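**Student:** Here is a sequence together with a model predicted from it:
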Amino acid sequence: DGGITQSPKYLFRKEGQNVTLSCEQNLNHDAMYWYRQDPGQGLRLIYYSQIVNDFQKGDIAEGYSVSREKKESFPLTVTSAQKNPTAFYLCASTHRRPTMNTEAFFGQGTRLTVV
Amino acid sequence: GIQVEQSPPDLILQEGANSTLRCNFSDSVNNLQWFHQNPWGQLINLFYIPSGTKQNGRLSATTVATERYSLLYISSSQTTDSGVYFCAEGSNYKLTFGKGTLLTVNP
């Protein structure tokens, strides 16, 4: 089945540690995104990538880093510089080319907690 | 960037009631989606609707791009409809989300 897979589902991080969240898609989508959701809030864009080896900062990129070495994969690293990393993280993908349907699809999310 | 406002922020219904959720945009709409976030946090695609009207069972959606709004209709609501409903607008391949409508359907 085509879709987006995020792992792990739950992640616990100690203060000062970097952690990496995985996002893989087999939809042959060009563009991938990372969003953060805090309790009772909407989704805010962290980073996005429209093509392999290229990515752009979203609205809240500070304390995060990404890479896009393969079309299928867009891992997110939450660094120790992120002051309040406890949140729900969602990965999404879309076709990039404007001639194609740009409907976005999301993974199941990763819930990160700082302990 | 574009601003997305959803209303109402909260809505409580009795099972069987109908409801309308609204999404307003600060600029012209390029592409528009409605999602339902289930209790486990996953975003379920409801509609991809840049313009016009679509129906899927008890749910339907209408986007009037020239007037910068979209509506989601839920008819004969069920307890399983409870959750948060988001609209999101896509420009330059980025989705901007509203803050959501928290819907509670009581038996």
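**Tutor:** Okay, I see it. What you are looking at is a predicted structure, and each value in this text was computed from that prediction instead of being measured.
**Student:** residues in contact with residue A:83?
**Tutor:** Counting by CB atoms under 8 Å, 6 or more residues apart in numbering or on different chains, residue A:83 makes contact with residue A:63. For glycine as for every other residue, the C-beta is placed from the backbone atoms N, C-alpha and C.
**Student:** Look at it and give its secondary structure.
**Tutor:** For residue A:83, the secondary-structure state derived from DSSP: H, G, I helix; E, B strand; the rest coil is coil.
**Student:** Show the pLDDT at it.
**Tutor:** With respect to pLDDT, residue A:83 scores 87.
**Student:** Now look at the lowest-mean-pLDDT helix or strand in chain B and say if it contacts chain A.
**Tutor:** The least trusted helix or strand in chain B, going by mean pLDDT, DSSP states H and E, turns out to be strand B:94-97, with a mean of 85. Yes. With CB under 8 Å from any CB of the partner chain as the measure, strand B:94-97 is seen reaching chain A through B:94, B:95, B:96, B:97.
**Student:** Identify the bridge partners of the first one.
**Tutor:** Here residue B:94 sits in beta bridges with residue B:91, as judged by DSSP bridges.
**Student:** Where does the residue positioned nearest the centre of chain A sit: helix, strand or coil?
**Tutor:** Nearest residue to the geometric centre of chain A (CA atoms, centre = their mean): residue A:34, 2.7 Å. Three-state assignment for residue A:34 (three-state DSSP): strand.
**Student:** shaky segments in chain A?
**Tutor:** Scanning chain A for pLDDT under 70 picks out the ranges A:1, A:97-101.
**Student:** can you do 80?
**Tutor:** Within chain A, the stretches with pLDDT under 80 are A:1-2, A:96-101.
**Student:** Kindly report the residues of it close to chain B.
**Tutor:** So chain A meets chain B at A:31, A:33, A:35, A:37, A:41-45, A:48, A:50, A:58, A:88, A:90, A:92, A:94, A:96, A:101-106, A:108-109, A:111 (CB under 8 Å from any CB).
**Student:** Just the buried ones from those residues, in ChimeraX syntax?
**Tutor:** This is the ChimeraX syntax for the buried subset of those, where burial follows 16 or more other CB atoms under 10 Å in any protein chain shown:
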select /A:31,33,35,37,42,43,44,45,48,50,58,88,90,92,94,102,103,104,105,106,108,109,111
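**Student:** taking the residues of chain A next to chain B one by one, which sit in strands?
**Tutor:** A:31, A:33, A:35, A:37, A:43-45, A:48, A:50, A:88, A:90, A:92, A:94, A:105-106, A:111 (DSSP state E).
**Student:** Which of those residues sits closest to residue A:65?
**Tutor:** The nearest member of these to residue A:65, counting by CB to CB, is residue A:48 at 13.4 Å.
**Student:** OK, contacts around the closest one?
**Tutor:** A:31, A:32, A:33, A:34, A:55, A:56, A:58, B:93, B:94.
**Student:** Leaving out the residues flanking it, which one is nearest to residue B:38?
**Tutor:** residue B:83 (5.7 Å; CB to CB, 6 or more residues apart in numbering or on different chains).
**Student:** Bridging across strands, which residues link to that neighbour?
**Tutor:** Under the criterion used (DSSP bridges), residue B:83 bridges to residue B:103.
**Student:** any idea of the pLDDT on it?
**Tutor:** 94.
**Student:** I'd guessed it sits against residue B:40; true?
**Tutor:** No. Contact between residue B:83 and residue B:40 fails when scored by CB atoms under 8 Å: they sit 9.9 Å apart.
**Student:** Brilliant, that's me finished.
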